[in-house]
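Asker: Build me a structure from this.
(one chain, ligands or ions: 1)
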Amino acid sequence: MSKELRDGREVLDLLGVGFGPSNLALAIAVSEHNSAVPERERLRARFLERQECFGWHRGMLIDDATMQVSFLKDLVTLRNPASDFSFLAYLHEQGRLVDFVNHKTLFPLRVEFHDYFRWAADRVSHLVSYGTEVTAVRPVVEGGRVAHFEVSTRDGAVHAARNLVVATGLVPSLPEGMSVSDRVWHNSDLLHKVDSVSRASRFVVVGAGQSAAETTAMLHERFAEAEVCAVFSRYGYSPSDDSPFANRVFDPAAVDEFHGAPQDVRDQLLAYHANTNYSVVDIELIEDLYRRHYREKVIGEQRLRILNASRVAEVAETDDGVRVTVESLTTGRHTVLHADVVVCATGYRPGDVTTLLGEAATMLRRDEAGRPLVARDYRLLTESDADAAVYVQGGATEHSHGITSSLLSNNAVRSQEILDSVLGRTASTQSGRNGAEIADAYSGSAEAHPVVGVGVGTGAPGGGGLRHVG
Ligand SMILES: Cc1cc2nc3c(=O)[nH]c(=O)nc-3n(C[C@H](O)[C@H](O)[C@H](O)COP(=O)(O)OP(=O)(O)OC[C@H]3O[C@@H](n4cnc5c(N)ncnc54)[C@H](O)[C@@H]3O)c2cc1C
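Answerer: Below is the predicted model:
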């Protein structure tokens with residue numbers, strides 16, 4: 001699309017905030033679009049990432065951990081099976097395609113998928129500024145409409161863009177009253193911190209989800225002298241449901257149905273299928289942990305201890321460790337554990353988009369629970385007239401787009417949907433308010449992708465009227 005300068009500053013068509021897999025998939029979609037169209041139809045896009053280089057959950061790149069999503073749900077395949085950004089294209093380039101096929105698995109190692117992401121990110125690096133943290137967003141109003149946003153970064157730079165795509169990921173969450181320290185970690189820092197421990201006699205791992213089970217297994221294996229106490233409120237680790245019918249909840253079509261449903265039905269579906277992702281563990285890992293636990297029982301050396309149906313009642317740091325008081329939920333009995341380190345594998349919460357948006361957040365329309373209203377094309381709906389728009393990718397749209405929001409499963413298709421919407425709106429803005437025909441050519445349907453404005457005529461359902469799996 002055409003370059004536009006205001007006050008000497010270029011107004012981008014699209015600015016991505018955060019460069020994890022969500023915006024990486026979008027950057028690839030933009031790049032493929034730009035190389036297929038004439039210059040005047042190209043999008044001017046840029047992505048800002050606070051990390052110094054690409055990194056996806058580096059603190060949990062445990063050697064033998066595998067993906068919980070089929071490699072076919074990579075960055076591109078469900079959108080464009082012919083793309084050379086696919087996991088298979090990566091394998092081919094690495095000379096491992098045949099070896100991978102012989103492996104007969106849909107679930108690559110996490111370290112391998114990380115390397116695939118890095119490989120793909122390197123190929124679109126011309127679109128990314130690393131080491132660039134977005135600190136503030138300001139709407140710029142012209143003629144009574146929000147024309148674009150000014151986006152400030154920690155290094156003092158200011159960028160201007162008509163469309164923002166915020167994909168800043170999840171924020172580690174700790175039990176109430178606990179905070180991270182040298183001896184109290186969140187599992188997201190596991191590999192960053194574990195090397196600082198040369199000897200340990202006891203670890204406490206809090207939580208019963210996939211990350212908790214992986215952390216427990218890893219510490220148990222790595223510290224052969226240490227006791228590892230797993231504390232969780234469930235009776236036992238529970239398997240994730242990745243059976244075929246349940247797995248359909250991650251399908252692109254499921255997003256349509258979910259978004260079109262009333263909120264009480266959406267909430268019900270989220271509750272029914274929480275066990276596809278939340279507080280659940282791969283069955284192989286559960287069996288592995290059980291095998292270890294039983295073996296130690298047989299040989300009379302119980303290093304892996306399961307404190308089930310329990311909660312952490314108190315944590316107090318001492319001169320040489322942490323005193324953890326664990327309360328049994330069934331008996332109320334307290335067990336005091338002196339540990340070297342406590343690892344909280346207690347999940348994540350979506351980052352608060354509205355904090356990042358600052359002043360711009362006051363324009364947002366919200367549902368009865370105070371959550372931002374999000375159109376089908378992932379745009380935040382606003383009260384004010386606007387040519388500019390904010391799109392959101394990630395867990396912040398779980399209430400509107402379903403359980404797949406925070407996961408990788410829908411990345412490729414979602415990128416296309418956002419790209420189509422941005423292209424449609426950009427074309428219509430450039431050709432004036434009568435640009436609907438151009439916009440429709442991109443969006444396929446004027447109703448699905450309204451041509452003008454964040455706050456007007458959102459024909460999208462629910463918009464106008466108001467584990468790692470997949
Ligand atoms: C250990 C682990 C394993 C997982 N495995 C799977 C799996 O196998 N399958 C699956 O479907 N899902 C999995 N998930 C779920 C996970 O949420 C997604 O894989 C994925 O990370 C979502 O991508 P994202 O780009 O939306 O967010 P993220 O990957 O979190 O990326 C967000 C990026 O935004 C950057 N950022 C944040 N704030 C700013 C700012 N203000 N300015 C600039 N940059 C910023 C961050 O540095 C980060 O790089 C896993 C999650 C974890 C924790």
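Asker: alpha carbons only for contacts and neighbour counts from here, please
Answerer: Noted.
Asker: who touches Leu106 in this structure?
Answerer: Leu106 is in contact with Val69, Ser70, Phe71, Leu72, counting by C-alpha atoms under 8 Å, 6 or more residues apart in numbering.
Asker: where does it fall, helix, sheet strand or coil?
Answerer: With DSSP: H, G, I helix; E, B strand; the rest coil as the basis, the three-state label of Leu106 is coil.
Asker: Now find how far off-centre stretch 268-275 is within its chain.
Answerer: Mean C-alpha position of stretch 268-275 versus that of the full chain (C-alpha atoms, centre = their mean, to the nearest Å) differs by 18 Å.
Asker: if we can go back for a sec, and which of the contacts of Leu106 is nearest to the ligand?
Answerer: Val69 (4.6 Å; C-alpha to the nearest ligand atom).
Asker: Okay, now the unreliable bits of the protein?
Answerer: 1-8, 430-470 (pLDDT under 70).
Asker: near the ligand, which residues of it?
Answerer: Those residues of the chain that sit near the ligand, judged by C-alpha under 6 Å from any ligand atom, are 17-23, 48-51, 56-57, 60, 67-69, 132-135, 167-170, 393-394, 406-409, 468-470.
Asker: Give me the buried entries from the residues you listed.
Answerer: Neighbour counting by 16 or more other C-alpha atoms under 10 Å classes 17-23, 48-50, 56, 60, 67-69, 132-134, 167-170, 393-394, 406-409, 468-470 among those as buried.
Asker: quick one: which helix or strand includes the residue of the stretch 201-350 of the chain found nearest the ligand?
Answerer: Nearest residue of the stretch 201-350 of the chain to the ligand, counting by C-alpha to the nearest ligand atom: Ser211, 6.4 Å away. If you go by DSSP states H and E, Ser211 is part of helix 210-222.
Asker: Show me what counts as buried in that helix.
Answerer: Quick answer for helix 210-222 (16+ other C-alpha under 10 Å): Gln210, Ser211, Ala212, Ala213, Glu214, Thr215, Thr216, Ala217, Met218, Leu219, His220.
Asker: Number of residues surrounding the closest residue to Glu327 other than its chain neighbours?
Answerer: Distance criterion C-alpha to C-alpha, 6 or more residues apart in numbering; nearest residue to Glu327, sequence neighbours excluded, is His334 at 4.6 Å. Close neighbours of His334, defined as other C-alpha atoms under 10 Å, add up to 16.
Asker: Over to the one 4 residues further on?
Answerer: Applying other C-alpha under 10 Å, we find 21 residues neighbouring His338.
Asker: mind listing what it touches?
Answerer: By C-alpha under 8 Å, 6+ apart, the neighbours of His338 are Arg202, Gly321, Val322, Arg323, Val324.
Asker: which of the residues you listed has the most neighbours?
Answerer: Top of those by neighbour count (other C-alpha under 10 Å): Arg202, with 24 neighbours.
Asker: now that one, which residues is it bridged with?
Answerer: Listed by DSSP bridges, the beta-bridge partners for Arg202 are Glu227.
Asker: Can you give me the separation between it and His273?
Answerer: According to C-alpha to C-alpha, to the nearest Å, Arg202 and His273 sit 35 Å apart.
Asker: Repeat that for Pro172.
Answerer: Taking C-alpha to C-alpha, one finds Pro172 at 22 Å from His273.
Asker: Check Val298 too.
Answerer: The value you get for Val298 to His273, if C-alpha to C-alpha is used, is 37 Å.
Asker: More neighbours: these two, which one.
Answerer: His273 (17 against 10).
Asker: which residues touch the more buried one?
Answerer: Counted by C-alpha under 8 Å, 6+ apart, His273 has contacts Ala246, Val249.
Asker: Using PDB, write out the CA atom coordinates for the lengthiest helix in the chain.
Answerer: Longest helix of the chain, by residue count under DSSP state H: helix 411-430. Only the C-alpha atoms of helix 411-430 are listed here, as PDB (Å, rounded to 0.1, in the frame of the first residue of the first chain):
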ATOM      1  CA  ASN A 411      -2.100 -19.400  14.200                       C
ATOM      2  CA  ALA A 412      -1.900 -19.800  10.400                       C
ATOM      3  CA  VAL A 413      -5.600 -19.300   9.700                       C
ATOM      4  CA  ARG A 414      -6.000 -16.500  12.200                       C
ATOM      5  CA  SER A 415      -3.100 -14.600  10.500                       C
ATOM      6  CA  GLN A 416      -4.900 -14.800   7.200                       C
ATOM      7  CA  GLU A 417      -8.100 -13.500   8.800                       C
ATOM      8  CA  ILE A 418      -6.300 -10.600  10.300                       C
ATOM      9  CA  LEU A 419      -4.400  -9.900   7.100                       C
ATOM     10  CA  ASP A 420      -7.600  -9.900   5.100                       C
ATOM     11  CA  SER A 421      -9.300  -7.500   7.500                       C
ATOM     12  CA  VAL A 422      -6.300  -5.100   7.500                       C
ATOM     13  CA  LEU A 423      -6.000  -5.300   3.700                       C
ATOM     14  CA  GLY A 424      -9.700  -4.600   3.300                       C
ATOM     15  CA  ARG A 425      -9.800  -1.700   5.700                       C
ATOM     16  CA  THR A 426      -6.500  -0.200   4.300                       C
ATOM     17  CA  ALA A 427      -7.800  -0.300   0.700                       C
ATOM     18  CA  SER A 428     -11.100   1.300   1.700                       C
ATOM     19  CA  THR A 429      -9.400   4.000   3.700                       C
ATOM     20  CA  GLN A 430      -7.100   4.800   0.800                       C
END
